[in-house]
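**Student:** What shape does this take:
(chains A, B and C)
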Amino acid sequence: MTQELTEDGRPSGEPRAWADLVTAVGSLERASAPRWVWAHGMDIYPRLLAAGVRVERCHDVELTETLLLGYIGRWGEPRSVPAAWARLTGGPVPADKPIRAKETQPTLFDAEQPADPLGGVDPLKVLVAVHADQLRRIGETAAPGRFRLLVAAESAGALAAAEMGHAGLPWRADVHSALLTEMLGPRQAYGLPPRKLGELSERIAEALGDRKMHPDSPAELLKAFAKVGIQLRSTRSWVLKEVDHPAVPLLLEYKELYRIYTAHGWAWLSSWVHDGRFRPEYVPGGVVSGRWATRGGGALQIHKRVRRAAIADPGWVLVVADAGQLEPRVLAALAGDDKLALAGHSGDLYRALADEAFGGDRPRAKIGMLAALYGQTSGEAGALVAALRRKFPRAVDYVEKAAQIGESGGLVRSWLGRTCPPATSGWTGGSLDPEPVEEVSDSGARNRARGRFTRNFVVQASAADWALALLATLRPALTGIGVEGARPELVFFQHDEVIVHCRAEDAAEVTAVLEQSAATAGRVVFGDTPARFPLDIAAVECYADAK
DNA sequence: CGATCCGGCGCC
DNA sequence: AAAGGGCGCCGGATCG
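**Tutor:** As a prediction, the model looks like this:
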């Protein structure tokens, strides 16, 4: 069933029955390309894509419900359409289904689900009512125009996520496998580490004089080092680097190769790469800041060294675009720090910052900026932030304020209104109950950690606002390029970076559209700001050649 | 035994 | 004195 709605969410005309979902959406999309209101795009849209149906716009009710609940500090409440309906009508609120539904016996959770959570009401009517109520609640936020943008961007992001999952990132399994053999030695029988790892492991054990040593066990490593008279705080690579012992360089090499073997080795290849495409499952809104997460495949942690295997189809290229120095630029826009915004006009913001406030020392300028964004105070970071503050007080004060709000129990929002989750129960700021005496000092540390979180949230989440707006702008713009059957396709998105796969002859046009989309996203999200958000763009055959 | 936590490290 | 945000994934260690 479908129901046409007016702009303010009221039904217009009668519901319409269809033979099936694909026919309904396909024909209405061709006729009028409406903004689809549906429960959850990630449940519905992949099926449509599989049947060859694309849609231009949607309002994702579940994602919107999550944003609206977060806005009023009710993080974690069920966000399904039936749950929203229950809150609206005062009924019992059904719990959300677990994200990873396992094929196991019924659990207590299942038993608690009412047989009909809508109490016999027509599901279409429920959807219409919940949507209308969402529009009303959006109108009651402090900045409804921005929140509307947030909802539109979040919904468009879900469409993009499904489309990217459908397209997949071009991936050459043969190249990847050859790369692994070159780095690790030939693949061994199941369960046996490849030759180079085995050899390194033996040499490490020898160097430490402990033949049975297993280098991927931190506990064993600590013991082995203790036996040769070296007390390690941990076995992290940056700790090991401080130590002068012949086992250390071997260990560092082992760690890097072992990481590639376990995270991006042959097992990863056979699980995640099929028919020349890497298809991760993106989870829009999977991170509280609005960044995406993935389920399996680790798409957002593709090791630089295996990007060699991401290769465009013959005659096609990967147009790789990343928003360099995005977070300081976003901070400039958020804080209205025009001086910082202007520092970004030269292209290299850190260079300009260095010349302005750090006597030309770019590394220190970068550390100072990142320390302000993350709340780092150790070493000389505190002094560098202070130096930054002297020249860019508005920017630094903006994040300091966010930190204070967090430390004293408040919530902060992104520019478009995405709200951070409340502190967990372990956190004590604003609590009426005094902590037991022995935990007081610890609660101070927790509050400061909370401050670092809210400090970073305002910037990271606003950067995510911008990135989603970029995706939302880019999606429709790409459909006009190339020829039917060979359109450019969005194939990858990672926080501040997108990859478009297109015919080589379309690369220039795609590049232009990317640049326009970045500028449009900046204007739409932040309005009148001197801040710029340039993309570094490279059209390459191989992802590894983009940087 | 599986489920969960933890150390470690990859990406941004 | 020290004080770096957000994730996912791996293997090992530990819990129930």
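
**Student:** Only C-alpha atoms from now on, for both contacts and neighbour counts.
**Tutor:** Fine.

**Student:** Which pLDDT value belongs to residue A:155?
**Tutor:** Residue A:155 is assigned 96 on the pLDDT scale.

**Student:** Which helix or strand contains it?
**Tutor:** Assessed by DSSP states H and E, residue A:155 sits inside helix A:144-167.

**Student:** Give the next helix or strand downstream of that helix.
**Tutor:** Immediately after helix A:144-167, counting by DSSP H and E, sits strand A:169-170.

**Student:** which secondary structure elements does that following strand contact?
**Tutor:** Counting contacts by 3 or more Cα pairs under 8 Å, 6 or more residues apart in numbering; DSSP states H and E, strand A:169-170 packs against strand A:277-278, strand A:489-493.

**Student:** The first one and DNA strand C, are they touching?
**Tutor:** Spelled out, it's strand A:277-278. No - applying Cα under 7 Å from any atom of the strand, one finds strand A:277-278 separated from DNA strand C by no less than 12.8 Å.

**Student:** And the contacts of the following helix or strand past that strand?
**Tutor:** Using DSSP H and E, the next helix or strand after strand A:277-278 towards the C-terminus is strand A:281-283. The contact list for strand A:281-283, computed with Cα atoms under 8 Å, 6 or more residues apart in numbering, reads A:161, A:162, A:165, A:292, A:293, A:294, A:295, A:296, A:297.

**Student:** Which of those has the largest number of neighbours?
**Tutor:** When neighbours are counted by other Cα atoms under 10 Å, residue A:161 leads these with 27 neighbours.

**Student:** Name the nearest residue to that residue, sequence neighbours excluded.
**Tutor:** Closest residue to residue A:161 apart from its sequence neighbours, by Cα to Cα, 6 or more residues apart in numbering: residue A:282 at 5.9 Å.

**Student:** Which pLDDT value goes with that neighbour?
**Tutor:** 88.

**Student:** now swap in residue A:104 and tell me
**Tutor:** 37.

**Student:** likewise residue A:327?
**Tutor:** 94.

**Student:** Just confirm it contacts residue A:458, I think it does.
**Tutor:** No - in this structure, residue A:327 is not within contact of residue A:458 by Cα atoms under 8 Å, at 10.0 Å.

**Student:** between the two, who's got more neighbours?
**Tutor:** Neighbours per residue (other Cα under 10 Å) separate residue A:327 from residue A:458, with residue A:458 holding more: 29 against 23.

**Student:** quick one: low-confidence ranges for chain A?
**Tutor:** Within chain A, the segments meeting pLDDT under 70 span A:98-115, A:190-191, A:424-443.

**Student:** 80 - rerun?
**Tutor:** A:97-119, A:189-192, A:210-213, A:296, A:424-446, A:547 (pLDDT under 80).

**Student:** DNA strand B contacts on that one?
**Tutor:** Among all residues of chain A, those adjacent to DNA strand B (criterion: Cα under 7 Å from any atom of the strand) are A:218, A:234-238, A:255-256, A:259, A:300-305, A:494-497.

**Student:** Report the buried members of those.
**Tutor:** A:235, A:255, A:494, A:495, A:496, A:497 (16 or more other Cα atoms under 10 Å).

**Student:** For those residues, give me JSON lines that also has secondary structure.
**Tutor:** Listed next are those as JSON lines, based on DSSP: H, G, I helix; E, B strand; the rest coil:
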{"residue": "A:235", "secondary structure": "coil"}
{"residue": "A:255", "secondary structure": "helix"}
{"residue": "A:494", "secondary structure": "coil"}
{"residue": "A:495", "secondary structure": "coil"}
{"residue": "A:496", "secondary structure": "coil"}
{"residue": "A:497", "secondary structure": "strand"}
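
**Student:** So which of those residues is the closest to DNA strand C?
**Tutor:** residue A:495 (8.2 Å; Cα to the nearest atom of the strand).

**Student:** What are the phi and psi values at the closest one?
**Tutor:** Taking degrees, to the nearest 10, you get phi 70, psi -60 for the backbone angles of residue A:495.

**Student:** Can you name the helix or strand that the residue of the stretch 301-450 of chain A found nearest DNA strand C falls in?
**Tutor:** Going by Cα to the nearest atom of the strand, DNA strand C is nearest to residue A:376 of the stretch 301-450 of chain A, at 3.6 Å. Following DSSP H and E, there is no helix or strand that holds residue A:376.

**Student:** Wait, it touches residue A:383, no?
**Tutor:** No - Residue A:376 is beyond contact range of residue A:383, at 10.6 Å (criterion: Cα under 8 Å).

**Student:** Next, count neighbours for the closest residue to residue A:351 other than its chain neighbours.
**Tutor:** Among residues not flanking residue A:351 along the chain, residue A:362 sits closest, at 5.5 Å (Cα to Cα, 6+ apart). Neighbourhood size, residue A:362 [other Cα under 10 Å]: 19.

**Student:** so where do the helices sit in the stretch 151-300 of chain A?
**Tutor:** Listed in chain order, the helices of the stretch 151-300 of chain A (DSSP state H, counting those that start in this stretch) span residues A:173-184, A:195-207, A:218-227, A:237-240, A:247-264, A:266-272.

**Student:** ok, now the stretch 1-150 of chain A?
**Tutor:** Using DSSP H, counting those that start in this stretch, helices in the stretch 1-150 of chain A cover A:21-32, A:41-50, A:61-71, A:81-89, A:108-112, A:123-139, A:144-167.

**Student:** can those helices go into CSV with extra columns for distance to residue A:266?
**Tutor:** CSV is the format used below for the helices of the stretch 1-150 of chain A (distance: least, Cα to Cα, whole Å):
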stretch, distance to residue A:266
helix A:21-32, 37
helix A:41-50, 27
helix A:61-71, 35
helix A:81-89, 41
helix A:108-112, 37
helix A:123-139, 45
helix A:144-167, 21
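
**Student:** Need the ones you listed in TSV (columns: distance to DNA strand C).
**Tutor:** Putting the helices of the stretch 1-150 of chain A into TSV (distance: least, Cα to the nearest atom of the strand, whole Å) gives the following:
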stretch	distance to DNA strand C
helix A:21-32	30
helix A:41-50	16
helix A:61-71	14
helix A:81-89	23
helix A:108-112	17
helix A:123-139	24
helix A:144-167	14
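
**Student:** does the nearest residue to residue A:334 once chain neighbours are set aside sit in a helix, a strand or a coil?
**Tutor:** Spatially, and ignoring its direct neighbours in sequence, residue A:334 is nearest to residue A:415 (6.8 Å; Cα to Cα, 6+ apart). When classified by three-state DSSP, residue A:415 comes out as coil.

**Student:** For residue A:339, which non-adjacent residue is spatially closest?
**Tutor:** residue A:392 (7.0 Å).

**Student:** tell me the contacts of that neighbour?
**Tutor:** For residue A:392, the contact set (Cα under 8 Å, 6+ apart) comprises A:337, A:339, A:340.

**Student:** Which parts of the stretch 351-500 of chain A are strands?
**Tutor:** With strands called from DSSP state E, counting those that start in this stretch, the stretch 351-500 of chain A shows them at A:489-493, A:497-503.
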